[in-house]
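> Pasting the sequence and the predicted model now:
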Amino acid sequence: MSPLRYNIQADLIDLKIIQKEKDELFIRFKIVETLLCDFKDISNCNLKYKVLTYNEETDSYEKKVSQIEFKFSDGKGKINIQHPDLSELLVMQAL
C-alpha cells in the first residue's frame with residue numbers, strides 16, 4: 001500500500017500519493033455521483049463516489065467512470081480505487 005494525502009472539496013478529489021523513492025504523484029478526480037455518504041467526522045467516515053479521472057495531457061476528464069471509496073474508523077483507514085482499465089482494486093493507506 002502506498003501512503004497518501006487527500007482533499008475533497010465541492011465536486012473534486014485530489015490525491016497525493018507518496019512513492020517509496022519520495023516522488024509524489026498527484027491525481028485529480030471529478031465526482032459525478034455520490035454512492036454512499038456516511039460522514040460522522042474526518043476520522044470516522046465511509047464515503048463512496050463515481051468519479052472521472054483528470055488527464056493532464058489532454059486537460060480534460062476521461063470518459064470512463066471509476067469508483068473511489070474512503071473508509072475510516074478512529075482516524076485509520078484506506079482508500080479503495082476501482083478503475084475500468086484495472087482488473088484489481090487499488091488500495092492505499094491514507095496519512
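On my side now, so go ahead. Numbering: from 1, shown residues only.
> Count residues in the vicinity of residue 13, would you?
22 (other Cβ atoms under 10 Å). For glycine as for every other residue, the C-beta is placed from the backbone atoms N, C-alpha and C.
> Which strand residues bridge residue 48?
Residue 48 has these beta-bridge partners by DSSP bridges: residue 36, residue 69.
> To clarify, my last question referred to residue 80.
Taking DSSP bridges, one obtains residue 69, residue 91 as the residues bridged to residue 80.
> Any figure for the gap between it and residue 56?
Counting by Cβ to Cβ, to the nearest Å, the gap from residue 80 to residue 56 is 23 Å.
> What residues sit buried inside the host helix or strand of residue 26?
Using DSSP states H and E, residue 26 sits in strand 24-41. For strand 24-41, burial by neighbour count (16 or more other Cβ atoms under 10 Å) applies to 27-31.
> residues in contact with the spatially most central residue of the chain?
Nearest to the geometric centre of the chain sits residue 68, at 5.0 Å (Cα atoms, centre = their mean). Contacts for residue 68 were tallied using Cβ atoms under 8 Å, 6 or more residues apart in numbering; they are 13, 29, 48-49, 51, 79-82.
> now these in JSON lines, with distance to residue 5 and pLDDT?
Putting the contacts of residue 68 into JSON lines (distance: Cβ to Cβ, whole Å; pLDDT from 0 to 100) gives the following:
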{"residue": "13", "distance to residue 5": "12", "pLDDT": "95"}
{"residue": "29", "distance to residue 5": "14", "pLDDT": "96"}
{"residue": "48", "distance to residue 5": "19", "pLDDT": "97"}
{"residue": "49", "distance to residue 5": "17", "pLDDT": "97"}
{"residue": "51", "distance to residue 5": "17", "pLDDT": "97"}
{"residue": "79", "distance to residue 5": "10", "pLDDT": "87"}
{"residue": "80", "distance to residue 5": "16", "pLDDT": "88"}
{"residue": "81", "distance to residue 5": "15", "pLDDT": "88"}
{"residue": "82", "distance to residue 5": "20", "pLDDT": "88"}
